[in-house]
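K.L.:
model the following, please.
(chains A and B)
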2 protein chains.
Amino acid sequence: MKLASLKNGRDGHLVVVSRDLAWFTDADAIAPSLQAALDDWETCEPMLRGLAESLEHGAVPRERFHEHEAASPLPRAYQWADGSAYVNHVALVRQARAAEMPESFWTDPLIYQGGSDGFLGPRDPIPLVDEAWGLDFEGEVAVVTGDVPMGASREQALAAIRLVMLCNDVSLRNLIPAEIAKGFGFFQSKPASAFSPVAVTPDELGGSWRDGRLHRKMEVELNGQPFGCADAGVDMTFDFGTLIAHAAKTRSLCAGSIIGSGTVSNRGPDGGPGKPVAEGGVGYSCIAEVRTVEMLAHGAPRTPFLKRGDVVRIEMRDERRHTLFGAIEQEVT
Amino acid sequence: MKLASLKNGRDGHLVVVSRDLAWFTDADAIAPSLQAALDDWETCEPMLRGLAESLEHGAVPRERFHEHEAASPLPRAYQWADGSAYVNHVALVRQARAAEMPESFWTDPLIYQGGSDGFLGPRDPIPLVDEAWGLDFEGEVAVVTGDVPMGASREQALAAIRLVMLCNDVSLRNLIPAEIAKGFGFFQSKPASAFSPVAVTPDELGGSWRDGRLHRKMEVELNGQPFGCADAGVDMTFDFGTLIAHAAKTRSLCAGSIIGSGTVSNRGPDGGPGKPVAEGGVGYSCIAEVRTVEMLAHGAPRTPFLKRGDVVRIEMRDERRHTLFGAIEQEVT
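P.N.:
Down below sits the predicted model:
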């Protein structure tokens, strides 16, 4: 089942989208918003699945689905906790600034509390006030949970995953060092993120969803050029069950909580940093990582952060090259 | 005007409460929840104020208001950003662990992104899984905003304050150092917080609300003994307008965003750390601060963190000793 929130008011208008993303049908008779559906998932899920089946069979009124009319599936959420599960990415960034990475990073998940009161739509521009802030994108996988009790096990956490989507975790790289130095984590350096036009139930992903990981390539383009195609199922040190259980160690998580994977990142075949797509590698899912690799190789970064007019596109396809979640495509303005 | 959310479902049931907190009347004909009222404040505020006036005049059906039937005014919220505006508190804590505090802390607000997907009610127990985690309370003032545009000025931010309330920002002190060391801020060390039974509009506070600060004493009791009575209007380096503008520098804030002051803390008359209430001082609004003072005075902390069965009470009164927000009173279980 695929769900989207068409732009409408603060929480969007819930629709069921066909598997091929060509059509939608209204779901507001079942729940006015995705959050409302998640709040009462036991009641709503079977009704939404019935509607999705009817849509596939052309048995209900339908309209063309246009990705640019979609808000993020949850236009605002009560919880957005973003992990950093591809520890390879963290190790690389640390290496570039000659900072040692504690060994515990391989066993104790890193997660930050994100702001969730307003997400950009998947085709909304990214507002850039000051290029000196170092605007970057991050291609991530994210899941939406049901209620997760405090102290949930990894297995309970995995069972609570309701939906999967993609994320562009927008970051202001040059504001990060000062915020980190203050010891209170990110705030100004993590402005509003965006999610894919469509959120899908795990069963929709077939064998690509296994071990709490999504085994598909994260296709990232910058200004129409391939930038990355790392496999989200590879080098993900902590699966979503482990990330969710970590987040729920000292508090419960409310239905509709979004948990992110952190920037998808694959090592090179030699175990070192991967190569750019142009050199036959799988590339990167954010600019910071390519700058890190450039720093290691050439002593200085070469790829600039985002400027006004730049366009980033993040998408994932199935084995027949059909889009799974629709594309996040955002211009910097 | 005073508003509360009686416990009911995920978002509570909106009621208007009389000035003396003795009575309430249903407000769900105006808005089903406080978040819904904040989402459409221009429409709802005058209607709620009319209802509040009718309640004071006994002109509408009313029932007894019991603080223990109230959830936090926003039982869950889209944004909870907690400042650390009483820099004296930060300076003290740093001094105790012989860590230098950057001079910039006096001019650049410190704020962390809190989790907001589920708050404890003002009389709900605080669940403690492991006493070794170092459970602490923090008495704070918090405001609820309307929509705040990105880049808002301090004046715009002040004008966007809709409601004021008290907060017990629950902290797990012994989990903080490891999380801070990881560089991603607090997560597990900041479990669910609680807010006062009632949220009030700034005008209700009269002259006590001025300069973006609440000039009343934060009365904190631990197990029935006075623990602190620091004035929330004193030594608050950053007012709420400055805190909100800081939070909105790189992103807009959605209506219903909660911004916290951080632990209320007053210096002693000599400019140094204040004395305990028993020694004639104004005491403290959290255990960490008294432990810090003990460390500085005796070389080791003496006051333990919270144990099961401990009861913390946080309240604020007007000049006639009438409660303003009702009391947060929580037992550790």
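
K.L.:
near chain B, which residues of the stretch 151-300 of chain A show up?
P.N.:
Residues of the stretch 151-300 of chain A found near chain B (Cβ under 8 Å from any Cβ of the partner chain) are A:151, A:172, A:175, A:180-192, A:246-247, A:249-254, A:256-257. C-betas here are computed from N, CA, C, even on glycine.

K.L.:
in the stretch 151-300 of chain A, which spans are helices?
P.N.:
Applying DSSP state H, counting those that start in this stretch to the stretch 151-300 of chain A gives helices spanning A:154-159, A:176-182, A:240-247, A:287-298.

K.L.:
neighbours of the nearest residue to residue A:301 once chain neighbours are set aside, just the number please.
P.N.:
Once flanking residues are discounted, residue A:301 sits nearest to residue A:291: 3.5 Å by Cβ to Cβ, 6 or more residues apart in numbering or on different chains. The number of residues packed near residue A:291 is 22, by other Cβ atoms under 10 Å in any protein chain shown.

K.L.:
next up, the contacts around residue A:291.
P.N.:
By Cβ atoms under 8 Å, 6 or more residues apart in numbering or on different chains, residue A:291 lies in contact with A:96, A:301-303.

K.L.:
about what we covered before: from the residues of the stretch 151-300 of chain A next to chain B, list the buried ones, please.
P.N.:
For those, a burial check counting by 16 or more other Cβ atoms under 10 Å in any protein chain shown picks out A:172, A:175, A:180, A:182-192, A:246-247, A:249-254, A:256-257.

K.L.:
just the ones of those residues in strands?
P.N.:
Among these, the residues falling in strands (DSSP state E) are residue A:172.

K.L.:
check contacts around residue A:224.
P.N.:
Shown in contact with residue A:224 (Cβ under 8 Å, 6+ apart): A:311, A:313.

K.L.:
how about the stretch 151-300 of chain A: which residue is closest to chain B?
P.N.:
Residue of the stretch 151-300 of chain A nearest chain B, by Cβ to the nearest Cβ: residue A:185 (1.7 Å).

K.L.:
name the nearest residue to that residue, ignoring sequence neighbours.
P.N.:
In space, and not counting its chain neighbours, residue A:185 is closest to residue B:185: 1.7 Å by Cβ to Cβ, 6+ apart.

K.L.:
from memory that neighbour sits against residue B:176, does it?
P.N.:
No - the criterion here is Cβ atoms under 8 Å, and residue B:185 misses it with residue B:176 at 10.0 Å.

K.L.:
so where do the strands sit in the stretch 51-200 of chain A?
P.N.:
Using DSSP state E, counting those that start in this stretch, the strands of the stretch 51-200 of chain A run over A:63-64, A:70-71, A:80-83, A:111-113, A:135-136, A:139-145, A:161-168, A:171-172, A:194-195, A:199-200.

K.L.:
that older thread, just the helices of the stretch 151-300 of chain A: most buried one?
P.N.:
With neighbours taken as mean count of other Cβ atoms under 10 Å in any protein chain shown, the helices of the stretch 151-300 of chain A reach their highest mean count in helix A:240-247, at a mean of 24.

K.L.:
what's the weakest-modelled helix or strand in chain A?
P.N.:
In chain A, no helix or strand scores lower on mean pLDDT, DSSP states H and E than helix A:87-96, which sits at a mean of 84.

K.L.:
kindly provide the distance from the residue of the stretch 151-300 of chain A closest to chain B to residue B:186.
P.N.:
7 Å (Cβ to Cβ, to the nearest Å).

K.L.:
swap in residue A:115?
P.N.:
Remark: distance between residue A:115 and residue B:186 (Cβ to Cβ) = 14 Å.

K.L.:
can you check residue A:152 too?
P.N.:
Going from residue A:152 to residue B:186 by Cβ to Cβ gives 20 Å.

K.L.:
equivalent analysis for residue A:127, please.
P.N.:
Going from residue A:127 to residue B:186 by Cβ to Cβ gives 27 Å.

K.L.:
so for stretch A:232-240, mean pLDDT?
P.N.:
For stretch A:232-240, mean pLDDT rounds to 98.

K.L.:
pull up the distance across stretch A:320-333, start to finish.
P.N.:
End-to-end distance of stretch A:320-333: 34 Å, with Cα to Cα, to the nearest Å as the criterion.

K.L.:
that older thread, of all the helices of the stretch 151-300 of chain A, which one is nearest residue A:266?
P.N.:
helix A:287-298 (10.3 Å; Cβ to Cβ).

K.L.:
counting neighbours, what do you get for residue A:152?
P.N.:
Residue A:152 is flanked by 22 other residues according to other Cβ under 10 Å.

K.L.:
correct me, but it touches residue A:243?
P.N.:
No - the pair residue A:152 and residue A:243 fails to qualify as a contact (Cβ under 8 Å) at a distance of 11.6 Å.

K.L.:
check contacts around residue A:168.
P.N.:
By Cβ under 8 Å, 6+ apart, the contact set of residue A:168 is A:120, A:137-140, A:193-195, A:312, A:314, A:328, A:330.

K.L.:
which residues does it form beta bridges with?
P.N.:
Residues in a beta bridge with residue A:168, per DSSP bridges, are residue A:139, residue A:194.

K.L.:
and it, how far from residue B:13?
P.N.:
Distance from residue A:168 to residue B:13, counting by Cβ to Cβ: 37 Å.

K.L.:
got a list of what residue A:314 touches?
P.N.:
Applying Cβ under 8 Å, 6+ apart, we find residue A:314 in contact with A:137, A:139, A:166, A:168, A:196, A:218-220, A:285, A:327-329.

K.L.:
just the buried residues from those, in ChimeraX please.
P.N.:
With 16+ other Cβ under 10 Å as the criterion, this ChimeraX line picks the buried residues out of the contacts of residue A:314:
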select /A:137,139,166,168,196,218,219,220,285,327,328,329
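
K.L.:
which one of the contacts of residue A:314 is nearest residue A:42?
P.N.:
Using Cβ to Cβ, residue A:196 comes nearest to residue A:42 of those, at 25.2 Å.

K.L.:
ok, the closest one touching residue A:165?
P.N.:
Yes - with contact defined as Cβ under 8 Å, residue A:196 counts as touching residue A:165 (4.7 Å).

K.L.:
just give me the longest helix of chain A.
P.N.:
Criterion DSSP state H: the longest helix present in chain A is helix A:41-56.

K.L.:
so which residues on the stretch 1-150 of chain A come close to chain B?
P.N.:
For the stretch 1-150 of chain A, the residues in contact with chain B (Cβ under 8 Å from any Cβ) are A:10, A:39, A:76-79, A:81, A:84, A:102, A:105, A:108, A:110-118, A:127, A:129, A:133, A:150.

K.L.:
please consider this matter closed, and thank you.
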